[in-house]
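J.: after the sequence you'll find the predicted model.
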Amino acid sequence: MLERLARELAKWRYQQAYAGNVEPFGREAFADENWRMFEPAAVEMLDAMREPTDLMGNGLPSGYKPGSHSASDIWRSLIDAAKEGK
């Protein structure tokens, strides 16, 4: 997950830097070469997401009961709630 976040940050930064300009080599190549420099920011992002907000807890899948959903389903629901600003 850490590398995935770092790579997405690298791609986002590349896009910001070259928006509307000639791209020297492309987002994926930039991410492949530079993702490690974005690792510290990715760690900070994971730290910020570690504890759910109260409203994220209300974003559990409908019909949730302990054991009724996989950890992946719950994780996705929590992240979706966070993306909605909850």
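T.: Noted; the coordinates are in hand.
J.: how many neighbours does Ala10 have?
T.: Ala10 has 24 neighbours, counted by other C-beta atoms under 10 Å. In short, each C-beta sits where N, CA and C put it, glycine included.
J.: I figured it hits Ala31, correct?
T.: Yes - between Ala10 and Ala31 there is a contact under C-beta atoms under 8 Å: 4.2 Å.
J.: what do the two both touch?
T.: Shared contacts of Ala10 and Ala31, defined by C-beta atoms under 8 Å, 6 or more residues apart in numbering, are absent.
J.: remind me which residues of this structure are low pLDDT?
T.: Across the chain, the stretches falling below the confidence threshold (pLDDT under 70) are 56-60.
J.: where do the helices sit along it?
T.: With DSSP state H as the definition, the chain shows helices at residue ranges 2-18, 27-34, 39-50, 54-57, 71-83.
J.: which elements pack onto the longest one?
T.: For helix 2-18, the packing partners by 3 or more C-beta pairs under 8 Å, 6 or more residues apart in numbering; DSSP states H and E come out as helix 27-34, helix 39-50.
J.: returning to what we had before: for Tyr64, which of the helices of the chain is the nearest?
T.: Judged by C-beta to C-beta, the one of these that comes nearest to Tyr64 is helix 71-83, at 7.7 Å.
J.: and the residue sitting furthest away from the middle of the chain, how far from Asp32?
T.: Relative to the average C-alpha location in the chain, and by C-alpha atoms, centre = their mean, no residue lies farther out than Val22, which sits at 27.1 Å. Look at Val22 and Asp32: by C-beta to C-beta, to the nearest Å, they are 20 Å apart.
J.: and for Tyr18?
T.: For Tyr18, the distance to Asp32 under the criterion C-beta to C-beta works out to 16 Å.
J.: picking up where we left off before, for the helices of the chain, could you give me TSV that also reports distance to Gly63?
T.: Shown next, in TSV, are the helices of the chain (distance: least, C-beta to C-beta, whole Å):
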stretch	distance to Gly63
helix 2-18	29
helix 27-34	38
helix 39-50	25
helix 54-57	16
helix 71-83	11
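J.: out of these, nearest to Lys65?
T.: With C-beta to C-beta as the measure, helix 71-83 is the member of the helices of the chain nearest Lys65 (11.6 Å).
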